[in-house]
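>>> Give me a 3D structure for the following:
(2 chains)
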Number of protein chains: 2
Amino acid sequence: MRNKNLLYAQSGGVTPVINATACGLIETARKNSRKLGKVLAGKDGILGILNEELIDTSKESKTAIAALRHTPGGAFGSCRFKLKGIEESRAQYERLIEVFKAHNIGYFFYNGGGDSADTAYKVSQISARLGFPVQCIGVPKTIDNDLPITDNCPGFGSVAKYVAVSIKEASLDVASMASSSTRVFVLEVMGRHAGWIAAAGGLAQQKKGDPPHVILFPELLLDQAALLQKVDKAVQTHGYCSIVVSEGVRDQQGRFLADSGRRDAFGHAQLGGVAPVIAGMITEGLGYKSHWAVSDYLQRSARHVAAKTDVDQAYAMGKAAVDLALQGKSGVMPVVVRTSDKPYRWKVGEADLAKVANREKMMPRRFISADGFAITAAARRYLEPLIRGEDYPPYGRDGLPKYVQLKNLLVARKLPVFEV
Amino acid sequence: MRNKNLLYAQSGGVTPVINATACGLIETARKNSRKLGKVLAGKDGILGILNEELIDTSKESKTAIAALRHTPGGAFGSCRFKLKGIEESRAQYERLIEVFKAHNIGYFFYNGGGDSADTAYKVSQISARLGFPVQCIGVPKTIDNDLPITDNCPGFGSVAKYVAVSIKEASLDVASMASSSTRVFVLEVMGRHAGWIAAAGGLAQQKKGDPPHVILFPELLLDQAALLQKVDKAVQTHGYCSIVVSEGVRDQQGRFLADSGRRDAFGHAQLGGVAPVIAGMITEGLGYKSHWAVSDYLQRSARHVAAKTDVDQAYAMGKAAVDLALQGKSGVMPVVVRTSDKPYRWKVGEADLAKVANREKMMPRRFISADGFAITAAARRYLEPLIRGEDYPPYGRDGLPKYVQLKNLLVARKLPVFEV
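Predicted coordinates:
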């Protein structure tokens, strides 16, 4: 009997290192070709599986696959598409199993956040029930760092590094000019419900008084008077004030400051633009000239300033996923286990998908200072190892990073068209 | 007689590499200590000179000065403060000369853009007229790349690299998700009147069809219908559309799309926030989900992704400024002279400050494609060498760049207080 093929899909917002996970997974599968078939990949994630658009990664050269390690974005495409409950979306689950059958899939790897872990878990259940058992492995990925059990999520560390480096650099700029020009700089970062990314900005504060002087977390409702007082104090003390604000900051009534009213496919509010709101509030309230930046996708694609810890862990998750498959496991997810803070040590562990699915890990309140505008020593101890190390992509003669573009050739269809 | 001291001041918006120029200048002066005195620096630029707040750079270690080469921001502080005409601002010019006299200044180096070249030129005239001739040397710096005579301006190349790398990375992100999520991404960059920085985004387009698909230049009034058509075409062809927009884009009536109504100390409009305007226009007009980023100060402080060409040239300008001083020159500015495109070669030249002062070098129309939304081969030939090479700062164990913070000790005052 032919070895069973592997099916890999990327899900949700991409990260600077999700392709490093794909690299680890494909390279490990190729090393085990005596036991494993090809690695196929869903074009644009699970939508590609439902549409039977399956990319044959065996058509990609060894060099191209190796280059995934340093290429941001999602090399096979990703999507925001959530399968609902098994009863509600039975036809879709059945279609997945049909596609698995048609393409001799024995292993399904779903690389994403909490929603994806939930889907992978449901697929593992239904595949057994429908008589075509497939080993389903979740593979962690999210810049939001909000998956439970794993110490941290691949993708987060590089975004954290981007934010910490960026606010450090921009603060040097503001500090240079503050005596006669801009006094306040506001950098908006992602993190809808959990302040992990905003907290990472606090790492730039290497000693007391260093910027950022204010961090605004989505965990706390904004106290405008306290903010203005804090900003004014920073300007009086340091000559300027440097601020990191989470896109998810809410007012005293619990409304997002930047709510655009639009929602994404998962029903989450689509945010953006809180930085100008905060900057305007400060300029109006205190009279200081302000500047603001919104890093948006830049932060989650900035592979050029990725953290080596993060790249290594992302790769390790891909490798571990195949290792778990080879051990016959299903309904599990490899995770990062921190075994020591100082020196920082980690190893690969394993979690039940059922325990990962649909649970957001919030940032503990003890990571936020008493006044609500900074991170604590405990947060620093947790966060700092995650941004360690540099892992530059190779650059071409033209001064640009050499990111790979895969051929992404599809395998021949075997099934009728399916209406997603 | 004691050797005359050097006085250095940084002016206007800082850059990722203005300190590399300071490094070149101070290191070269130190090497010539038999002929030259100390290097003093105006705290916060020319304001510090008027206030007799002079930093004694001789108190800084060799290591600290060397670290300026890789530290963004303005290490001695900068300011937006323009001296007016000699008649109008006579008291200020006279104060400068008084400070020069009191501190045995023989050489004045003003590191800035067009306004600063103008000031340096005027100081060179008035110092002779007031019987205390000081050699005045302009030192080029501006991310706007709008100084005449010099082939390019130190600071621009690194911002150009930041923009090209960022739009390349963010486009990979958008491309991954476009089938089910964001279709259009808009990155706002600086460049008030000249589209040099926006044009640099075009370098990310390494082959036909690559992003960015649209560049909006401040040189052309925005044709909204043509823009929407172009965006729609890109989405139909590539699945998504990636856009770089200059903060200085204007509507058909010539009004800045992002005019906040505020003005800086030079009387320039303070801009920001055109990206959300463009994104909203597209989402409303075409229905595509859009995302936007405003890079603001991040782009001009991103030393972590500086171009080696730029760092080398910035350093060379500082060195050349001292060399010109040693040759007895005044009223001049070192410039970058391009001697060959392929292979790219450059050398240091020299320009009269009178010819540099108050002249903006606009981007030639032939650098913009016929349809107005892209750069031409000529632009690419000019721009590409400027982003070449990587020149990473050293990083600490904590994952952050090791940027230097100088002691910035002031020399003792010798003069009465002056009301600027």
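>>> At which residues are the helices of chain A located?
For chain A, helices defined by DSSP state H occupy the ranges A:18-31, A:46-50, A:62-67, A:90-102, A:114-129, A:156-177, A:196-201, A:224-238, A:274-286, A:296-301, A:308-326, A:353-356, A:377-383.
>>> Figure out which of those helices is closest to residue B:139.
In terms of C-beta to C-beta, the element of the helices of chain A nearest to residue B:139 is helix A:156-177, at 16.1 Å. Every residue, glycine included, has its C-beta placed from N, CA and C.
>>> That closest one close to chain B?
Yes - using C-beta under 8 Å from any C-beta of the partner chain, helix A:156-177 reaches chain B at A:161, A:164-166, A:168-170, A:172-177.
>>> Tabulate those residues in JSON lines, adding columns for neighbour count and pLDDT.
Listed next are the residues of helix A:156-177 next to chain B as JSON lines, based on neighbours: other C-beta atoms under 10 Å in any protein chain shown; pLDDT from 0 to 100:
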{"residue": "A:161", "neighbour count": "31", "pLDDT": "98"}
{"residue": "A:164", "neighbour count": "29", "pLDDT": "98"}
{"residue": "A:165", "neighbour count": "29", "pLDDT": "98"}
{"residue": "A:166", "neighbour count": "27", "pLDDT": "98"}
{"residue": "A:168", "neighbour count": "26", "pLDDT": "98"}
{"residue": "A:169", "neighbour count": "27", "pLDDT": "98"}
{"residue": "A:170", "neighbour count": "30", "pLDDT": "98"}
{"residue": "A:172", "neighbour count": "24", "pLDDT": "98"}
{"residue": "A:173", "neighbour count": "30", "pLDDT": "98"}
{"residue": "A:174", "neighbour count": "25", "pLDDT": "98"}
{"residue": "A:175", "neighbour count": "21", "pLDDT": "97"}
{"residue": "A:176", "neighbour count": "27", "pLDDT": "97"}
{"residue": "A:177", "neighbour count": "28", "pLDDT": "94"}
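>>> ok, now which ones touch the residue of the stretch 1-150 of chain A found nearest chain B?
Closest residue of the stretch 1-150 of chain A to chain B, C-beta to the nearest C-beta: residue A:73 (3.1 Å). With C-beta atoms under 8 Å, 6 or more residues apart in numbering or on different chains as the criterion, the residues that contact residue A:73 are A:14, A:19, A:301, A:403, B:169, B:172, B:173, B:175, B:176.
>>> and the nearest residue to residue A:71 once chain neighbours are set aside, what pLDDT?
Nearest residue to residue A:71, sequence neighbours excluded (C-beta to C-beta, 6 or more residues apart in numbering or on different chains): residue A:403, at 4.3 Å. Predicted confidence (pLDDT) for residue A:403: 98.
>>> May I have the phi/psi pair for residue A:403?
Main-chain torsions, residue A:403, degrees, to the nearest 10: phi -90, psi 140.
>>> What parts of the stretch 251-400 of chain A come near chain B?
Contact residues (C-beta under 8 Å from any C-beta) of the stretch 251-400 of chain A with chain B: A:262, A:264-265, A:270, A:272-273, A:275-276, A:289, A:291-298, A:300-305, A:307, A:309, A:384, A:387-390, A:392, A:395, A:397-400.
>>> And those, which of them are buried?
A:264, A:270, A:272-273, A:275-276, A:289, A:291-298, A:300-305, A:307, A:309, A:384, A:387-390, A:395, A:399-400 (16 or more other C-beta atoms under 10 Å in any protein chain shown).
>>> I'd like the distance from residue A:44 to residue B:190, if you could.
According to C-beta to C-beta, to the nearest Å, residue A:44 stands 34 Å off from residue B:190.
>>> who's more crowded, the two?
Between residue A:44 and residue B:190, counting by other C-beta atoms under 10 Å in any protein chain shown, residue A:44 is the more crowded of the two (26 against 23).
>>> Not counting sequence-adjacent ones, nearest residue to that one?
In space, and not counting its chain neighbours, residue A:44 is closest to residue A:77: 3.6 Å by C-beta to C-beta, 6+ apart.
>>> Please tell me the pLDDT value assigned to that neighbour.
What the model reports as pLDDT for residue A:77 is 98.
>>> Low-confidence regions, the stretch 251-400 of chain A specifically.
A:259-272 (pLDDT under 70).
>>> Could you list the domains of chain A?
By the assignment in automatic domain parsing, chain A contains the domains A:5-142+A:304-358, A:156-300.
>>> Contacts only, for the residue lying closest to residue A:216 once chain neighbours are set aside.
Closest residue in space to residue A:216, ignoring its immediate chain neighbours: residue A:245 at 4.2 Å, by C-beta to C-beta, 6+ apart. Going by C-beta under 8 Å, 6+ apart, residue A:245 touches A:186, A:187, A:188, A:189, A:198, A:215, A:216, A:274, A:275, A:278.
>>> Quick check: bridge partners of residue A:352?
Beta-bridge pairing of residue A:352 under DSSP bridges involves residue A:332.
>>> Pretty sure it sits against residue A:332.
Yes - using C-beta atoms under 8 Å, residue A:352 makes contact with residue A:332 at a distance of 6.2 Å.
>>> Now do the contacts for the nearest residue to residue A:171 once chain neighbours are set aside.
In this structure, residue A:171 finds its nearest non-sequential neighbour in residue A:211, 3.6 Å apart by C-beta to C-beta, 6+ apart. Residues near residue A:211 by C-beta under 8 Å, 6+ apart: A:167, A:168, A:171, A:174, A:175, A:204, A:205, A:238, A:240, A:242.
>>> Weed out the non-buried ones from the residues you listed.
For the contacts of residue A:211, buried by 16+ other C-beta under 10 Å: A:167, A:168, A:171, A:174, A:175, A:204, A:205, A:238, A:240, A:242.
>>> can you pull the contacts of the residue in the stretch 101-250 of chain A that chain B sits nearest to?
The stretch 101-250 of chain A approaches chain B most closely through residue A:172 (3.1 Å), counting by C-beta to the nearest C-beta. By C-beta under 8 Å, 6+ apart, the contact set of residue A:172 is B:71, B:72, B:73, B:301, B:403.
>>> I'd like to know which of the residues you listed is nearest to chain A.
Ranked by distance to chain A (C-beta to the nearest C-beta), those are led by residue B:73 at 3.1 Å.
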